[in-house]
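>>> this one's structure only:
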């Protein structure tokens, strides 16, 4: 889940909706494996202090975490990412929890690359020493983000949505090539989201175009209202504006738009939303 | 799960069966709430060393616990209790993990008492100072066991299966009285198991006779064989003997006998099994 | 450590000073046992949201905690309590971590009562059911606070500094009586601090007047400045005001005033500081 | 600490001596940094089951770990390694806890390589894919062991003490070259121990011959007796034999022999001890 917009108390999106992210940690609805109990993480921006986000992660399940339960109703932020993990590649450790942070940037991934061990060293090869040593854990996710960051920082002075879009395309293209060359025949699921606190770029992507990617939705309006566990999105107004990108719908209402297969969802600083094909 | 019999490597019962206890931690089949991800515990006897058991507990889910995964294939024991927890009363903390240990005795509980706070202080009142201070956590389970121990130690010099049976009956009778007097109208589910390493006493009990207790099975034979995840129980032989008491069947075979409603299952030192009504 | 005053980023007091609380977790200077590695906790008020504080606790040592390290530079608060624990009574568990929270109130303790098991049940006896069940852990500290709260809530409609002072005196008097009647001969060390976000009451107290209590200091000024790890307190100004109550001095400067033996330090809503003898 | 010899209950070496490893976790005597509170690990062989050891690790300090406290008096083994960690390179995570295990082999390290990030990718380059992906954590230790294993497995069909000795020399020689070429001027401290359950090879090594390595001792006899916290080593007998390799002496007696600077200590299957210079 990634949010950008008017400041919101994150409890409203993490706990209050019936299909909130914390409830998804116990019982996700739109994915084969309903359990996401192998840790969680939230990263948020506190721009009154500075531009670097805070990350708070834990190897405990989100549903019973006392600290998350206490923090959520008191944190007000205009941009955050929250993630619950079902471990595929990599042990249950804080280093493997999303979101990953590199300076001002937060990143999270829903999906996976089978037999990732086949290409791990290939992904690391082009990295600068700094990014090579930035990697702390064992996940496919963190390694793919390090490749993305390497491309992004090499080619850009300024981090813009378009720069991130291009680096995603370069990364997915390179990844597919590595997979082919290293005998990974299974498709990889790559729903990823990147934010620097001023914009969000998300991908709904699967490497094999014959397959269906995992779900990814966006929703926009003025602000979220939760009544009896049901999230309503108020119509856009002048003063308030909010965009949410989520793996699972928080309610059954019509507020949620499925991102098309192998497309980007780009939420710009203006909170304008663009949907765009991924060329990779 | 409680085991007594010929020494067994506990991995064989904890991990190898398709519906093993560790798999029940993710997806229990015979209970409304399929998730038991709020910690786990095992207690086993190492009688070559001494009569006190070892307990190993964790607030992490059993399914991803590296230490349990490593220990299970190396621990051989002739008596153990294993438990996966779905927190009802009490936080997710080591103090609230089963089995509870008092000297040579191990105890575990499947079930719960609603509105337990109404009677917590009543349960503690009769306790000796030693047992009062023995309580470390907040669960209904640990409190009920302290009451049972208090009755057991006051009335017996030697801990025998019959002594435990009588103390269970005294405890359940007292508990029902406390519940009535303190406005707890919901039935309490009290499947409990006690062992001292030489015998097992288990209960399948619900306070309201109109309701059905949670499931409890026993199984006996010479030894357990796991083939392709399916547990087979070999017919009794001279040298090997094994009895298992479980909340959920480990396979769909006919090896498992449901304990009748509101009955004890008593496994004596000889491994003889008795089924007996609970008078409470 | 308890702070009240102009909003401060808590990193400035938790990490930046050479003898910061986090460094005290490794190597406290003014106490016989230099190690406080058995968990920690912070509680702070986010008054832009509501009057209930947030608590964040952990059983891990403060010195290596990634989440505390990340949160501290982003939390700005006008009132907080921070604590590092050296376990005496009670296991290393989240339930035993300070500060303890009851609604709007935060409480922390430095010290201990030897043979606390002798009086545990006596302390619990007068408690309302609500406070009886509020106790989650095993510490002398939490039990004493439950007694204090019981006295405070029974006798007052409004929680004021004077009400807390009186309840502390009632609590310490009752505690000394219980200790005498239950064969506790060792003196008890009771440096405690209570805040509701608008005032602080702290005690520097030992039950045996022949002994010296643990250290407790206060410091006041406009704001804290940390240069090269040394904390300076700026002279009082019109706009900024800050009061700190600490177990150990954060620097060797003259900013720190030792609270006299068996005295209260009271920081009122106006940030006016009063020192007053404890009648108990 | 590495032990090989007659089966011993590991509590006797981990907890009972006054300067036991668990006490060293709080207050090590022979090293500048006395605190080893960033996790611990033990690995032991249960040869009645199979040749693969068990590892049990935790990110919690050893001194307060309930599971270690419970396991230690019940585990009897003829070969084990125990380690308490003071984190230098790498976060506090289970993946960074020693001992590291590769199939039948256990490894632990006391020391460190400054600016290890400069050579991390160089160390990984020659590794087979299997060893590349075997690395789970971030420590210098695990990376150096992967290099050692790579050399060992490439050059030997059978793992013998002499094979390990040669691979250590190859590893240290290569490491020194990498350090020189990548601008690491500080000496590296490389006290390392490797066992496969039938022998132990330990190193007491510093890369700069002008510096002194960290301490490493060995001790041998029939068995260890602990009286009032003081470890006595009984004179060799026919039936019992025990060799211990430790970073710190467990007592002030004359039982402990300092390994000379830049030498191996080799304990063969026969429990014969050889001291030999390290050629690197």
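Alright, I've got the coordinates. Because the structure is predicted, anything quoted here is derived from the model rather than measured.
>>> Next secondary structure after the biggest helix by length in chain A?
When secondary structure is assigned using DSSP state H, the longest helix within chain A turns out to be helix A:161-181. Beyond helix A:161-181 in the direction of the C-terminus, DSSP states H and E gives the next helix or strand as strand A:189-195.
>>> now that following strand, how far from the chain's geometric center?
Using C-alpha atoms, centre = their mean, to the nearest Å, we find the averaged C-alpha position of strand A:189-195 to lie 5 Å away from the chain's own average C-alpha position.
>>> and the helix or strand following that strand, what does it pack onto?
Per DSSP H and E, strand A:189-195 leads on to strand A:200-204 as the next helix or strand towards the C-terminus. Using 3 or more C-beta pairs under 8 Å, 6 or more residues apart in numbering or on different chains; DSSP states H and E as the contact test, the elements touching strand A:200-204 are strand A:2-9, helix A:161-181, strand A:189-195, strand A:242-246, strand A:263-267. In this view, the C-beta of every residue, glycine as well, is placed from N, C-alpha and C.
>>> May I ask which helix or strand of chain A has the lowest mean pLDDT?
Lowest on mean pLDDT, DSSP states H and E among the helices and strands of chain A sits strand A:230-233, with a mean of 74.
>>> So for chain D, which of the helices and strands packed on strand A:200-204 sits nearest?
Relative to chain D, the nearest member of the helices and strands packed on strand A:200-204 by C-beta to the nearest C-beta is helix A:161-181, separated by 13.4 Å.
>>> and the angle for that closest one with strand A:189-195?
On the basis of axes from the mean of the first three to the mean of the last three C-alpha atoms, to 10 degrees, helix A:161-181 is oriented at 150 degrees to strand A:189-195.
>>> can you pull up the bridge partners for residue A:83?
Beta-bridge partners recorded for residue A:83 (DSSP bridges): residue A:41.
>>> so what's it up against?
When contacts are counted by C-beta atoms under 8 Å, 6 or more residues apart in numbering or on different chains, residue A:83 is found next to A:1, A:21, A:40, A:41, A:42, A:97, A:98, A:99, A:108, A:110.
>>> Look up the pLDDT of residue A:237 for me, please.
Model confidence at residue A:237, expressed as pLDDT, equals 68.
>>> before we move on, which element is the residue nearest to residue A:171 when sequence neighbours are not counted in?
Counting by C-beta to C-beta, 6 or more residues apart in numbering or on different chains, residue A:171 lies nearest to residue A:148, which is 4.6 Å off, once chain neighbours are set aside. Element membership for residue A:148, per DSSP H and E: helix A:140-155.
>>> What is that helix packed up against?
Using 3+ C-beta pairs under 8 Å, 6+ apart as the contact definition, the elements that helix A:140-155 packs against are strand A:100-102, strand A:105-112, helix A:120-124, helix A:129-134, helix A:161-181, strand A:189-195.
>>> Adding distance to residue A:241 and mean pLDDT, write the ones you listed out as a markdown table.
Compiled in a markdown table, the helices and strands packed on helix A:140-155 are given as follows (distance: least, C-beta to C-beta, whole Å; pLDDT from 0 to 100):
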| stretch | distance to residue A:241 | mean pLDDT |
| --- | --- | --- |
| strand A:100-102 | 25 | 98 |
| strand A:105-112 | 20 | 97 |
| helix A:120-124 | 37 | 97 |
| helix A:129-134 | 33 | 96 |
| helix A:161-181 | 17 | 98 |
| strand A:189-195 | 16 | 98 |
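>>> Please name whichever of those is nearest to residue A:17.
Comparing the helices and strands packed on helix A:140-155 by their distance to residue A:17 (C-beta to C-beta), the top pick is strand A:105-112, with 17.8 Å.
>>> Can you tell me what sits against the closest one?
Residues outside strand A:105-112 that contact it (C-beta under 8 Å, 6+ apart) are A:2, A:41, A:43, A:53, A:55, A:81, A:83, A:88-89, A:98-101, A:139-141, A:144-145, A:148-149, A:159, A:188-197, A:213-214, A:216, A:247.
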